[in-house]
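Undergrad: just the structure for this:
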Amino acid sequence: MGSNRLKGLVPEEVGTLTNLKFLNMASNQLSGKLPDISSMTRLINVQLFENQLTGSLPTTIHQLHSIEILSLSSNQLVGTIPRTINRLNGTLRGLYLSDNQIKGRIPTELCHFGSLEALFLDTNNFFGPIPSCLGNLANLEQLYLFQNQLTGGVPTTFGDLTKLTGLGLEENQLAGEMPASVCENVDGTTSLDIWADCTDQIGGDDPLLCSCCTVCCPSDECV
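TA: Coordinates of the predicted model:
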């Protein structure tokens, strides 16, 4: 049902499809609150991105015992990521929450998902330091945190993310120096690309010193 110009509310009856494993209603014009899908415990893949859904992530999200992909980007979601998310069974491979209005600190509960390969939290209202425990996500390949209000430095633990191919940090308020352990991965087997608000010269105007960043924003390559 994706990309069909569907309008209106998501029918409540969707939540009764308890045997459904794949839900795709992405790229429509659906509005209203995010539907309650917590009873759909066999769901593996949820695609609701690029709609006009409102409300917050339900605290019952942990009931999606089989979920691997949860894609809710480009909606109008608010609130915080519920801490109950850490009660998922650890099957989560992709969490896509880009381009919403979600706020608060990035919860450390996300650090429990050792199977996580993609974490998209960009273009929201997250603030505070980046949790260093994100460096425990050994299978992470894509980490995008740009366009938030994050402060502090880049955790040295990010050097442990040896499978990482994309790291987006631009349009935050990060400072300090890109850890050498992270820069070592730029020339590694995964060819890590890094975007940040940075300079490669000591004394530059940008707060983050980075000699290994692929792109230092602002530049024409920063979108």
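Undergrad: parallel or antiparallel, which strands does the longest strand anywhere in the chain pair with?
TA: If you go by DSSP state E, the chain has its longest strand at strand 193-199. Paired strands of strand 193-199, with direction, are strand 166-168 (parallel), strand 208-209 (parallel), strand 215-217 (parallel) (DSSP bridges).
Undergrad: so the most centrally placed residue in the chain bridges to which residues?
TA: Against the mean C-alpha coordinate of the chain, by C-alpha atoms, centre = their mean, the closest residue is Phe120 at 2.1 Å. As for beta bridges, Phe120 partners with Tyr96, Tyr144 under DSSP bridges.
Undergrad: hmm, back to that, and the longest strand of the chain, what's buried?
TA: Ile194, Trp195, Ala196, Asp197, Cys198, Thr199 (16 or more other C-beta atoms under 10 Å). Every residue, glycine included, has its C-beta placed from N, CA and C.
Undergrad: closest to Tyr144 out of the residues you listed?
TA: Trp195 (8.8 Å; C-beta to C-beta).
Undergrad: just checking, the closest one touches Asn172?
TA: No: counting by C-beta atoms under 8 Å, Trp195 stays clear of Asn172, with 10.8 Å between them.
Undergrad: any shared contact partners between the two?
TA: Phe146 (C-beta atoms under 8 Å, 6 or more residues apart in numbering).
Undergrad: okay, how far is it across stretch 95-114, tip to tip?
TA: Using C-alpha to C-alpha, to the nearest Å, the gap from the first to the last residue of stretch 95-114 comes to 13 Å.
Undergrad: Asn89 contacts Gln63, doesn't it?
TA: No: here Asn89 lies out of contact with Gln63, judged by C-beta under 8 Å, at a distance of 10.4 Å.
Undergrad: look at these two and report which has more neighbours.
TA: Shown here are Asn89 and Gln63; by other C-beta atoms under 10 Å, Gln63 has more neighbours (17 against 12).
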